[in-house]
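J.: can't give you the sequence, but here's the structure:
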């Protein structure tokens, strides 16, 4: 059998644990996201992926795929609490996930994860090469798209309170360290 040339393998594999981190939050999490900006293989296959490692008791904020992608998540290491909320805003799953569990998240369902004291790590394959996720907190939060008037009416608060609410969560952080 002929030995393949090194340049034939280029871009065909990536060790996520050795890849540069896309997110690194002290005492909370680090993550590697694979999309068409990364390896050549991702664009050829038409899938995206991410590897997320949460520190003990850290949280990944509630978020969902806003481009109708499905997400297949494999719990790689340790355990944590997972909650999934459906389109009708009802909780469809609340469970403890452990290493070896596989979870398929339907389109537009909101997922939230909290690591147990030992931590939680997962690898997700996403059915689009450039997944678009939005979170309910941070500068990319979903409520940012809602008008100030709607938020005032929904929460029955004056405009000053709505402005304070909107100003409190302006950073990009979607991973949170445990409370002290």
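T.: All right, it came through fine. This structure is a prediction, so every number in the text was calculated from the model and none was measured.
J.: For the lengthiest strand in the chain, which helices and strands make contact with it?
T.: Ranked by residue count and defined by DSSP state E, the top strand of the chain is strand 110-126. Strand 110-126 sits against strand 48-54, strand 59-65, strand 71-85, strand 91-98, with contacts defined as 3 or more Cβ pairs under 8 Å, 6 or more residues apart in numbering; DSSP states H and E. C-beta coordinates here come from the backbone N, C-alpha and C atoms, glycine included.
J.: where does this structure have low pLDDT?
T.: For the chain, the stretches with pLDDT under 70 are 8-14, 38-43, 134-146, 150-151, 154-155, 162, 164-173.
J.: Now do the longest strand of the chain against strand 91-98, angle only.
T.: 60 degrees (axes from the mean of the first three to the mean of the last three Cα atoms, to 10 degrees).
J.: which of the residues in strand 110-126 are buried?
T.: Applying a neighbour-count criterion of 16 or more other Cβ atoms under 10 Å, one finds 110-116, 119-126 buried in strand 110-126.
J.: Select, from these, the two members most distant in space.
T.: Among the buried residues of strand 110-126, the pair separated by the greatest distance (Cβ to Cβ) is 116 and 126, at 24.5 Å.
J.: Contact partners for the closest residue to residue 98 other than its chain neighbours?
T.: Take residue 98 and drop its neighbours on the chain: the residue closest to it by Cβ to Cβ, 6 or more residues apart in numbering is residue 79, 4.4 Å away. Residue 79 sits next to 96-99, 115-116, 118, 120 when contact means Cβ atoms under 8 Å, 6 or more residues apart in numbering.
J.: ok, the nearest residue to residue 130 once chain neighbours are set aside - contacts?
T.: Leaving aside its sequence neighbours, residue 130 sits nearest to residue 35 (Cβ to Cβ, 6+ apart; 4.9 Å). Neighbouring residues of residue 35 by Cβ under 8 Å, 6+ apart: 42, 48, 129-131.
J.: if I look at residue 35, how far off is residue 79?
T.: Distance, residue 35 to residue 79, by Cβ to Cβ, to the nearest Å: 28 Å.
J.: now do residue 34
T.: 24 Å.
J.: Residue 148 reaches residue 160, doesn't it?
T.: No - Residue 148 is beyond contact range of residue 160, at 10.9 Å (criterion: Cβ atoms under 8 Å).
J.: Looking at these two, which one has more neighbours?
T.: residue 148 (12 against 9; other Cβ atoms under 10 Å).
J.: Ramachandran coordinates for that one?
T.: When read as degrees, to the nearest 10, the backbone of residue 148 gives phi -60, psi -40.
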